[in-house]
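A.B. asks: Have a look at this fold, sequence not included:
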C-alpha cells in the first residue's frame, strides 16, 4: 500500500492478503498458450507499451487475443548480456500438447511474423520454464516479493528462470508460473522457491502454494485442489478433467481421471464474498473475491 506517497511492504496488498488468509484455490487466470517476449528495457505499467515502434504493442495484443496467446515480457535476473540475441517463446499448456518452442527475436516487429505464422520457432521442448512476476510498475508487491524469489530460482536454475511482467493476482505475490504445464503458484516464499522447482522435476505439484493451472477453467482447478486435499494424486499430469457439467446455482460436477482409469466426480460451488480491502495496491475497497466450496467427492 502507498501511504503519503511511500510504499510500505508490510501494508501492501500481498502482506494484507497473507494476514487475511485469502485462498489461493482456483485463482489461476486463463492461459492455455503464452507468447514470451524477451525485453531489455524498463517495463511500463502496460508491459506491451514497451514494444517499438510505438503502437506495436496494441497490434501484438490484438493478434494474441485473436490467436489465444497470453503475452508476457521476460528478462533474466541480474546483469543482462546485451551481446546475446534476444529470444521469444511460444508455450502450449493444453493437456497432451505441453511444449515450449524458442526462437530468436531480431526486432520487436518480428513478433508480427511470429503471430501470423510466418516465422517458425525452434524444436519442441518440455524443459521447465519458471516465470517470476517482478512487474513493479504494475504493483510494487510483485517486485518486492518477486525479485528475491527470482534470485533464488536463478541461482539454482539459471537457464530456466525468467522475471516476467504481470501475470495476475498481485495480492498473491510472489507469483511463479511453471511452463509448459501452466501452473500458477502464489505467496511463494524465498525459502521454498527451489523446493517448488525440485518437486516439479519429480513430477509433483506443491498443493499449499498452487493457485491452479491456467489451462483449466476455475471449477476444474477447484475440483483438482479438493481431490488432492482428500489424498488423491499430487502428480502434475494426473487428475485431468474428463467432463465438466454446470448445475444450477453456480454448482459444477467435474469428472477427473484417476491413474487406474476410474473417475473421480467432484461437486463444487462458487460464492462471491465482499472484503473490506484492496486486492491490489492501487485498488479500491471494498472488493469482491470468489470462493469455491466442496460438496462431494465420489469415485466410480
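C.D. replies: Okay, I see it. Computed from a predicted model, the values in this text were never measured in an experiment.

A.B. asks: By residue count, which helix of this structure is the longest?
C.D. replies: helix 140-156 (DSSP state H).

A.B. asks: What about the nearest residue to residue 182 once chain neighbours are set aside? Give its phi and psi, please.
C.D. replies: Take residue 182 and drop its neighbours on the chain: the residue closest to it by CB to CB, 6 or more residues apart in numbering is residue 93, 3.2 Å away. Quick note: C-beta positions are derived from backbone N, CA and C, even for glycine. Dihedral pair for residue 93: phi -110, psi 0, per degrees, to the nearest 10.

A.B. asks: residues contacting residue 93?
C.D. replies: By CB atoms under 8 Å, 6 or more residues apart in numbering, the contact list for residue 93 reads 31, 32, 33, 34, 179, 180, 181, 182, 213, 214, 215.

A.B. asks: now the third one: how far from residue 62?
C.D. replies: Here the criterion is CB to CB, to the nearest Å. By it, residue 33 lies 16 Å from residue 62.

A.B. asks: where exactly do the helices run in this protein?
C.D. replies: Per DSSP H, the chain carries helices over the ranges 13-20, 56-67, 110-115, 140-156, 190-201, 218-229.

A.B. asks: ok, back up a step: distance from the chain centre to the longest helix of the chain, please.
C.D. replies: 15 Å (CA atoms, centre = their mean, to the nearest Å).

A.B. asks: what helices or strands is that helix leaning on?
C.D. replies: helix 13-20, strand 129-133, strand 161-164, helix 190-201 (3 or more CB pairs under 8 Å, 6 or more residues apart in numbering; DSSP states H and E).

A.B. asks: hmm, try it at 10 Å
C.D. replies: Secondary-structure packing of helix 140-156 (3 or more CB pairs under 10 Å, 6 or more residues apart in numbering; DSSP states H and E): strand 6-7, helix 13-20, strand 129-133, strand 161-164, strand 176-179, helix 190-201.

A.B. asks: can you put the contacts of residue 93 in CSV and add distance to residue 97?
C.D. replies: As requested, the contacts of residue 93 are exported to CSV (distance: CB to CB, whole Å):
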residue, distance to residue 97
31, 14
32, 9
33, 9
34, 13
179, 12
180, 8
181, 11
182, 11
213, 13
214, 14
215, 9
